[in-house]
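Undergrad: for reference, the sequence and a predicted model appear below.
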Amino acid sequence: MAKIFISYRNSDDPSAAVLLAQSIDERLGEGASFLDSKSIPLGVDFRPALWGQLARSAAMVVVIGPRWLAPDADGKRRVDRTDDFVRQEIEFALKIGIPIIPVLVGGAARPSGDTLPASLAGLEHRQYLTLRHRSADRDLGCLLDRVHELVLASSGRSTGAKHADTAPAAGGITFNGRVRVGGDIVNGSKYVTSNE
C-alpha cells in the first residue's frame, strides 16, 4: 500500500505527528503512515530509508506547530539551513510532485511566502487543514478522507472523483542503497540531482 509520509519537527509538536500516524493507520491499515521514529528500525541508516519511502509515498502531511519556524538556541531558524531534514523532505516532495497537505496544530499560522525559504515557496499555496481541539473529530475526518482518496488514486483504484494533484508513478529503482526517481538519485543524507 502507498504510504502517507508525515513530516514534522521534533522541537515543535511531535505528539500531533504521532496522533496523525495512528489515525491514518487505524483508517487505512497498519503501516499506511510513514513516521520516521516508528517506521525505521533501530540500527538502520535512516537516510536511504527516509528518501526511498518519500519517493514511493502517495502524499506528504507536514505538521506545522507554533515552533515550526522558530529560531533555535543559536538564534537561527532550522528551516533556513540547507541541511535541515524537514526542509529537504518538503523540497523533495515538491520536486517529485506528490500532494503536500500542511496540517496546522497548536494554534500555528500558515507560513507565508516571506517567512519561507525560496525553495519552499510552493508550500504556501497548498490547501491546508487546521487541526483544532474543539473540532478535532471533524478536522481529522476531513484529513483521513483526503489521504484515503490519495492512496486509492496512487494505487490505481478510484473513488470516482478526479484528482489533478495525485502522485506521479515514482516507482524508484533501488541499487546500491540509492533510489532513482526520474533522473534524480536519492542517496545518503539528501536527494541529489544527477544523471548517473
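TA: Cool, the structure landed.
Undergrad: so what's the residue nearest the centre of the chain up against?
TA: Nearest to the geometric centre of the chain sits Met60, at 3.1 Å (Cα atoms, centre = their mean). The contact partners of Met60, by Cβ atoms under 8 Å, 6 or more residues apart in numbering, come to 4-7, 54, 89-90, 93, 98-101. (Each C-beta comes from the backbone N, C-alpha and C, glycine too.)
Undergrad: quick one: which of these is nearest to Leu35?
TA: Checking these against Leu35 with Cβ to Cβ, the nearest one is Ile6 at 4.8 Å.
Undergrad: buried set for the helix or strand encompassing His148?
TA: Using DSSP states H and E, His148 sits in helix 136-154. By 16 or more other Cβ atoms under 10 Å, the buried positions in helix 136-154 come out as 139-140, 143-144, 146-154.
Undergrad: chain center to it: distance?
TA: Centroid separation for helix 136-154 versus its chain: 14 Å, with Cα atoms, centre = their mean, to the nearest Å.
Undergrad: just checking: what are the partner strands of the strand or helix carrying the residue nearest to the centre of the chain?
TA: Taking DSSP H and E as the definition, one finds Met60 inside strand 59-64. Applying DSSP bridges to the sheet, strand 59-64 is found paired with strand 4-7 (parallel), strand 100-104 (parallel).
Undergrad: nearest to Lys38, of those?
TA: Nearest to Lys38, of the strands paired with strand 59-64 and by Cβ to Cβ, is strand 4-7 at 9.5 Å.
Undergrad: next structured bit after that closest one?
TA: Defined by DSSP H and E, the subsequent element after strand 4-7 is helix 14-28.
Undergrad: tell me the mean pLDDT over the strand holding Met60?
TA: Average pLDDT, strand 59-64: 96.
Undergrad: got the angle for it vs helix 136-154?
TA: Angle, strand 59-64 to helix 136-154, by axes from the mean of the first three to the mean of the last three Cα atoms, to 10 degrees: 150 degrees.
Undergrad: may I see the buried residues of strand 59-64?
TA: 59-64.
Undergrad: and the buried residues of helix 136-154 as CSV, adding pLDDT and distance to Asp45?
TA: Written out in CSV, the entries for the buried residues of helix 136-154 read as follows (pLDDT from 0 to 100; distance: Cβ to Cβ, whole Å):
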residue, pLDDT, distance to Asp45
Asp139, 92, 36
Leu140, 92, 33
Leu143, 94, 31
Leu144, 94, 31
Arg146, 95, 32
Val147, 94, 28
His148, 94, 31
Glu149, 93, 33
Leu150, 93, 28
Val151, 92, 27
Leu152, 90, 32
Ala153, 90, 31
Ser154, 87, 26
